[in-house]
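In: Provide a 3D model corresponding to the input given below.
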Amino acid sequence: MKLIFIVVAFTLSQQEVVAEEKCHLTNKSQATDLKPSSQYLIGQELLICSHSTNPFKESFKSYDKSTLKIVRAHDQELKKINKLASAHGYHLINQDIDCQKSHCNHINIISLDAFNNIQKANTKSINLKGANNFQSLVNEINPLTWQSDIITLSSWSRVSGSSENNFAKTWIENKFNQLNLQVSTQNFIVNGNFTTNIIGVQAGSIKPDDWYIVGAHMDSTSSSGDSPGAVDNASGCAGVLEMARVVTGHTFSSTIIFICYSGEEQGLIGSNVHVNSIISNGNQNKVKAVLTMDMVGYTSNTNHELLLETSSSNQWLMDILVQNAAIYAPELTVYTSTNPFGSDHVPYINNNMHGILSIDEDWNVYPGYHRSTDLPENISLNQGQYILKTNLAALAHLAEIIQNEDVLFNNDFE
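Out: Numbers count the residues shown, from 1 in each chain. Presented below is the predicted three-dimensional model:
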């Protein structure tokens with residue numbers, strides 16, 4: 001009898017340990033004496049979860065943790081979903097999404113335990129040697145040239161595999177050739193039609209086998225009508241062209257590869273093709289970092305904000321962009337995410353290469369997203385130039401711009 005009691009007591013104690021976590025959503029500014037087992041920050045809202053049987057006041061609305069999830073998606077993709085909290089394109093929900101009825105190609109569903117909080121960047125903890133030497137370089141970024149390229153790209157409905165996508169491909173290829181880059185293309189099939197990545201290479205003068213990639217997708221999509229894709233993503237592809245224009249006027253220690261991908265909107269097809277070609281040619285170890293840009297020309301207000309997104313293992317790369325933003329684009333407020341999804345940085349990260357994404361903080365509320373109204377007049381020149389300056393300075397830091405070429409001979413062999 002005593003043995004049975006011990007077994008029952010042990011079983012009950014085990015049940016208490018694995019009891020369902022209850023979660024309460026509160027404003028983070030509200031003081032609380034709770035001791036949560038886990039907590040998640042979504043904008044100004046704090047989700048506090050606890051195993052305690054009665055952790056919250058009766059007036060608090062609580063949820064079973066198992067019913068909650070984080071969804072990364074544009075607002076218009078979640079019209080019929082009740083969002084408990086939203087920030088940075090991440091939404092807390094407590095219902096299921098039916099992918100048979102919703103367009104889930106651009107939706108990422110994350111369990112709470114797999115979600116990493118979005119952070120406002122803290123530059124005080126970062127000290128990059130030599131990060132103050134690129135002001136003259138970043139001053140060469142011309143937002144009007146960038147805007148002009150956006151207008152040209154937006155004149156074509158650049159759906160992957162379409163004739164107008166091919167017109168844009170030829171135009172980008174010509175731009176790279178005019179900059180005297182080593183130009184090549186990669187052809188592949190999307191939805192039964194051929195489409196193309198366009199690549200321009202500037203070889204490094206000292207370390208040509210150290211590769212730094214600057215990329216953005218050039219294709220666009222729309223739920224109906226034409227697909228001008230000014231913000232998504234002529235802004236990013238034009239950013240690659242503008243960075244290439246500046247870079248080709250200078251010498252860099254390492255090789256820089258500029259690329260405008262196609263097939264992104266159909267599932268990152270172009271960037272996967274590029275990654276697979278790198279691996280199949282045995283060049284994976286040459287790739288030192290990949291800077292990608294997607295939707296870098298929009299802000300919903302007078303604030304200028306940048307969301308940097310990579311994996312937690314690439315914090316060092318995040319720090320480089322954060323610090324250079326603070327120096328060369330102090331107007332930007334920078335947020336960081338280690339929940340990579342949905343753009344061309346992901347195939348590199350998934351194959352152990354160091355990829356990072358720059359994207360507008362307001363991407364998820366852009367009203368022209370995947371619509372025929374995604375037009376050049378929605379572009380913010382300041383938003384774009386601040387993000388381009390951040391990426392150009394980071395590239396100069398990584399690929400080592402040679403600002404005084406006489407340094408090549410300062411080695412006792414003059």
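
In: the residue positioned nearest the centre of the chain: what secondary structure?
Out: In the chain, the C-alpha closest to the average C-alpha coordinate belongs to Leu357, at a distance of 2.8 Å (Cα atoms, centre = their mean). Three-state assignment for Leu357 (DSSP: H, G, I helix; E, B strand; the rest coil): strand.

In: I'd like to know how many residues surround Val201.
Out: 18 (other Cβ atoms under 10 Å). Where C-beta positions appear, they are placed from N, C-alpha and C, glycine not excepted.

In: correct me if wrong: it contacts Gln182.
Out: Yes. With contact defined as Cβ atoms under 8 Å, Val201 reaches Gln182; the gap is 4.2 Å.

In: show me where the stretch 151-300 of the chain has its helices.
Out: Assigned by DSSP state H, counting those that start in this stretch, the stretch 151-300 of the chain shows helices spanning 163-178, 235-247, 269-280.

In: so which of these is nearest Tyr298?
Out: Set against Tyr298 and scored by Cβ to Cβ, the helices of the stretch 151-300 of the chain come closest in helix 235-247, at 7.4 Å.

In: output the contacting helices and strands for the closest one.
Out: helix 143-154, helix 163-178, strand 193-202, strand 207-217, strand 254-261, strand 287-294, helix 381-399 (3 or more Cβ pairs under 8 Å, 6 or more residues apart in numbering; DSSP states H and E).

In: again, only using 7 Å
Out: On a contact count with 3 or more Cβ pairs under 7 Å, 6 or more residues apart in numbering; DSSP states H and E, helix 235-247 meets helix 143-154, strand 207-217, strand 254-261, strand 287-294, helix 381-399.

In: quick one on the thing from earlier: now do the same contact list for the residue nearest to the centre of the chain.
Out: Shown in contact with Leu357 (Cβ atoms under 7 Å, 6 or more residues apart in numbering): Thr292, Asp294, Glu309, Thr310, Ser343, His345.

In: between these, which is nearest Asn191?
Out: The shortest gap between Asn191 and any of these belongs to Ser343, at 19.6 Å (Cβ to Cβ).

In: excluding covalently adjacent residues, which one is nearest to the closest one?
Out: What sits nearest to Ser343 in space, not counting adjacent residues and going by Cβ to Cβ, 6 or more residues apart in numbering, is Asp294, at 4.5 Å.

In: ok, now which ones touch Asp149?
Out: Per Cβ under 7 Å, 6+ apart, neighbours of Asp149: Ala238, Leu241, Glu242.
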